[in-house]
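**Q** any chance you can model this:
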Amino acid sequence: MNMHRHHPLLAPSRARFIPNIWDILAFALLIGLFALTAHEARETLEPLAAVQQADLSLDPAMLPEYALRTTLRMLAALVASVIFTFGYATLAAKSRRAEMVLVPLLDILQSVPVLGFLSFTVVGFMALFPGQVLGVECASVFAIFTSQAWNMTFSFYQSLRTIPKDLDEACRSFRLSGWQRFWRLEVPYAMPGLIWNTMMSMSGGWFFVVASEAISVGDHTVMLPGVGSYVALAIAEQNLGAIGWAVLTTLVVILTYDQFLFRPLVAWGEKFRFEQTSAQIHPESWLLNLVQRTRLFRLALAPLGHALLLVSHLRLLPTARPLHRRHRMGLSSRWADGLWFALVATGAAFAVWEIQRFLAQSLTLADVGEALGLGLITMLRVMILIALASVVWVPIGVWIGLRPRVAEKVQPLVQFLAAFPANMVFPVVVLTIVRFGLNADIWLSPLMVLGTQWYILFNVIAGASAFPTDLREAAASLRIRKGLWWRKVILPGIFPSYLTGAITASGGSWNASIVAEVAGWGDTTLTAHGLGAYIAQATGAGDYPRVVLGIGVMSLFVILFNRVLWRPLYAFAARRLRLD
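**A** Okay, here's the model as predicted:
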């Protein structure tokens, strides 16, 4: 008779299937996101002629739609950057032969201007989607990708090179396959630094969004609707009011995706910190807390979580070899290494020969000497600016990173400062230099590091945030204070992360020199002596041999600078500064 009576022990299990208020909020946010994405995706399928005929408007009422389209382009580029990072950085870190090519190539790629990528890729994307906006959209997304991917790749590469030996030995003891090791050790270990560098890359994309939304097609330029094209039009018309609205919109967008994307990622990534004791203060996210309180929403996501877990447990790659066997195989493969190095050297020599043939048709050795001399001037600027930025931002970044509550509050502010388009500051700088008769060679220089200095700050914050709590407690118990604490504790702990930021900031400063060494507002244009101004003037004149020469010399300086300074420091960090 009691078989139909509700048993009290069954109530909790049945309650799991009853939605609560958090489920309603979560599903509402998800449906809204899908609706906005679908609406903007439909716009990309329109004929190209429709965009060419539609005029951009400086009406502030259009900014929400422009901001949405720009944000979706940047998110698409960010997804592509993550995929590229996992593949490229992993191959470079695990294969010394691939590293010979991939790491110098990465140095070159981060020094090539965004406009240089656009000039070679627009035609290809337009051919893939003839007569459609999608082709131009892909070109814009690719341009933003080139401003995001290199920083994330350097961060992941640095993390893979500095994995503690005890964790490596644990993976070998459990005989994890290469695929399992990647998802169960390498990605989790790299996650804290990668999340912070992803934030920096997202903000860095705003620095070049003006150039990436103005796509040259034939003899005319297609202005894709977005915040970048809005800013470009406002600058062209010298409309300070419109620039102010664009700055406000950028701030709102950054705060929005900080709350909905990066704040949950930082809180979620806290569980991947490498330490023996638990941190006393953990970053929180209201969105992550909302999802954790849902019932049906979590049940709906459970199959996806189980599928990803099963995929990460597959034995798709060979099991890592013992260290002594790897050493013997390295000795026996010297001939293969020599052959590979010879092939790489031959390919590089062939590329240099082809460039020399192209340049020799219209340039002389005097032109090469001029470009090299201007490159030395720009290199001196980069070195001084990176040193000054390091002195300023390393202590600040350490102070913020060791205080999670402060980092949580400062995070959106730093993202906004990093995302602030530098060309909005150019008018103030130009007018100040003209008003007080200042030297353009000196006072235009800070514009080079205006947008790239944040790479140092972000990476130092990431390194300090991931610094193990047990090491901090050990230093406190030993009463290590002041200068000794900086030299022996925190600076060695954050040094690999700092190197990632410094390398990216250095390469970005070379790139930014093209727009920073030539600044203008209205009819007033100031030019500083340097390789960036050389490339900018050659581009404006349509002098492609000098453009190629300038970019080639810039790439040469970046590679030599990295080979002589940054790579030895990277090797030192990987050898001596592991958290073993």
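**Q** and the strands in the protein?
**A** In the chain, the segments counted as strands under DSSP state E are 214-217, 220-223, 518-521, 524-527.
**Q** check those for me: which has the lowest mean pLDDT.
**A** Among the strands of the chain, strand 214-217 carries the lowest mean pLDDT, a mean of 66.
**Q** show me the contacts for the spatially most central residue of the chain.
**A** Geometric centre of the chain, nearest residue: residue 201, 2.8 Å, by C-alpha atoms, centre = their mean. Residues near residue 201 by C-beta atoms under 8 Å, 6 or more residues apart in numbering: 78, 81, 147, 148, 149, 151, 152. Glycine gets a C-beta too; all of them are placed from N, C-alpha and C.
**Q** in space, what's closest to it - neighbours in sequence excluded?
**A** Excluding the flanking residues, the one nearest residue 201 by C-beta to C-beta, 6 or more residues apart in numbering is residue 148, at 3.7 Å.
**Q** which pLDDT does the model give residue 492?
**A** 87.
**Q** what pLDDT does residue 375 get?
**A** 92.
**Q** please list all residues in contact with it.
**A** Counting by C-beta under 8 Å, 6+ apart, residue 375 touches 531, 553, 554, 556, 557.
**Q** what does residue 484 give?
**A** By C-beta under 8 Å, 6+ apart, residue 484 has no neighbours at all.
**Q** for the longest helix along the chain, buried residues please.
**A** Taking DSSP state H as the criterion, the chain has its longest helix at helix 365-401. Neighbour counts over helix 365-401 (16 or more other C-beta atoms under 10 Å) mark 368, 370-371, 374-375, 377-379, 381-382, 385-386, 389-390, 393-394, 397-398, 400-401 as buried.
**Q** can you give me the helices in the stretch 401-550 of the chain?
**A** Listed in chain order, the helices found in the stretch 401-550 of the chain under DSSP state H, counting those that start in this stretch are 404-419, 426-436, 440-443, 446-449, 453-465, 469-477, 482-485, 491-516, 531-541, 544-561.
**Q** by contact count, what packs against the fourth one?
**A** Going back to what we said before, that points to helix 446-449. helix 365-401, helix 491-516 (3 or more C-beta pairs under 8 Å, 6 or more residues apart in numbering; DSSP states H and E).
**Q** nearest to residue 473, of these?
**A** Taking C-beta to C-beta, helix 491-516 is the member of the helices and strands packed on helix 446-449 nearest to residue 473, at 13.3 Å.
**Q** chain center to the closest one, what's the gap?
**A** 11 Å (C-alpha atoms, centre = their mean, to the nearest Å).
**Q** repeat that for stretch 347-358.
**A** For stretch 347-358, the distance to the chain centre is 30 Å (C-alpha atoms, centre = their mean).
**Q** give me the buried positions along that stretch.
**A** Residues of stretch 347-358 classed as buried by neighbour count (16+ other C-beta under 10 Å): none.
**Q** all further residue positions should be reported with the first residue as 30.
**A** From this message on, residue numbering opens at 30, which makes the last subject stretch 376-387.
**Q** averaged pLDDT, that stretch. What do you get?
**A** 80.
**Q** for it, output the C-alpha coordinates as PDB.
**A** Provided in PDB are the C-alpha atoms of stretch 376-387 (Å, rounded to 0.1, in the frame of the first residue of the first chain):
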ATOM      1  CA  GLY A 376      66.200  27.800 -47.400                       C
ATOM      2  CA  ALA A 377      67.100  31.000 -45.500                       C
ATOM      3  CA  ALA A 378      69.900  31.700 -47.900                       C
ATOM      4  CA  PHE A 379      67.600  31.200 -50.900                       C
ATOM      5  CA  ALA A 380      65.000  33.600 -49.400                       C
ATOM      6  CA  VAL A 381      67.700  36.200 -48.800                       C
ATOM      7  CA  TRP A 382      69.000  35.800 -52.400                       C
ATOM      8  CA  GLU A 383      65.500  36.300 -53.800                       C
ATOM      9  CA  ILE A 384      65.000  39.500 -51.700                       C
ATOM     10  CA  GLN A 385      68.400  40.700 -52.800                       C
ATOM     11  CA  ARG A 386      67.500  40.200 -56.500                       C
ATOM     12  CA  PHE A 387      64.300  42.100 -56.100                       C
END
